[in-house]
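**Student:** Here you go, sequence then predicted model.
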Amino acid sequence: GGSSARLCWIMNQTSPMTTILPFDSMGLYEQPKPRLIFKVPRVVPDQRSKFESDELFKKLSRESEIRYTGFRDRPLQERQIKFQNGCREGHTEIAFVSNGTNLLIYFSPTNNGYSSSEHKDCDFEKEPGKVHIRSHFIMNGVCVRWRGWIDLERLDGVGCLEFDDERAEMENAMLKDQLESYNQRLREFEERQKAYRTANGTHVPSYPSPVWCREN
């Protein structure tokens, strides 16, 4: 029935170990069906527009109170040590107090407590009793930069998100290349289908839509 056919189709799309084909077309599939696999784009086409219009980004782009959220079940002194160790390793956990947004951020680790880069992502020297942190990442398809400071004793501070122009340009260029490659492969795929139908004088069912896999 119709429902059985739909079930077979869904299973074939979602499980790579399942190969269930309609009986009336079994003879046409002596070889496994080719699949077009593409990576899901890392960014949206117009990053700046989304950053400026999205309500969440609007809230996070304002400097506001933040807190370290790691090891909340441990004593304060132990948390202070773990926070500083994490910063020197290049990672920490923070939350925006005003809206509860939690972030696990990564940045360049320090060497013996000092940053080796000219532009420090983790700076214990800039201001006594505080660490200044900068982290670049992609959030909801937009290249952003988290910037802020945290008090080494209280484990709270101030921070905000900024639009990362430089990395956005790089990702936009990669997105453009990715879409051009996708369109080219799709054209070649359609041409091979057309050539096969012409050579065999028969109708070949269309293959499934391209499979998109998210890049980690």
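**Tutor:** Right, received. Where do you want to start?
**Student:** Which stretches in this protein count as strands?
**Tutor:** Along the chain, counting by DSSP state E, strands occupy 37-40, 64-68, 91-96, 102-106, 122-123, 130-139, 142-151, 156-163, 211-214.
**Student:** now those in TSV, with mean pLDDT, distance to Q184 and mean neighbour count?
**Tutor:** Yep, even glycine has a C-beta here, placed from its N, CA and C like the rest. Below are the strands of the chain laid out as TSV (pLDDT from 0 to 100; distance: least, CB to CB, whole Å; neighbours: other CB atoms under 10 Å):
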stretch	mean pLDDT	distance to Q184	mean neighbour count
strand 37-40	70	12	12
strand 64-68	98	45	18
strand 91-96	98	39	19
strand 102-106	97	34	14
strand 122-123	95	42	21
strand 130-139	97	25	19
strand 142-151	98	26	20
strand 156-163	98	31	18
strand 211-214	56	16	10
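**Student:** I'd like to know which of these is closest to Q84.
**Tutor:** Nearest of the strands of the chain to Q84, taken as CB to CB: strand 130-139 at 7.5 Å.
**Student:** Can you list the strands that the closest one pairs with?
**Tutor:** When pairs are called by DSSP bridges, strand 130-139 turns out to pair with strand 122-123 (antiparallel), strand 142-151 (antiparallel).
**Student:** how far does the shortest one sit from the chain's center?
**Tutor:** Put plainly, it is strand 122-123. Using CA atoms, centre = their mean, to the nearest Å, the mean C-alpha position of strand 122-123 is found 24 Å from that of the whole chain.
**Student:** Work out the gap between the longest helix along the chain and the centre of the chain.
**Tutor:** Scanning the chain for the longest helix, with DSSP state H as the assignment, gives helix 165-200. Centroid separation for helix 165-200 versus its chain: 21 Å, with CA atoms, centre = their mean.
**Student:** so it versus strand 142-151, what angle?
**Tutor:** 150 degrees (axes from the mean of the first three to the mean of the last three CA atoms, to 10 degrees).
**Student:** for helix 165-200, packing partners?
**Tutor:** strand 37-40, helix 47-53, strand 142-151 (3 or more CB pairs under 8 Å, 6 or more residues apart in numbering; DSSP states H and E).
**Student:** could you dump the ones you listed to CSV with distance to S181?
**Tutor:** Converted to CSV, the helices and strands packed on helix 165-200 look like this (distance: least, CB to CB, whole Å):
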stretch, distance to S181
strand 37-40, 8
helix 47-53, 20
strand 142-151, 21
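**Student:** Please consider this matter closed, and thank you.
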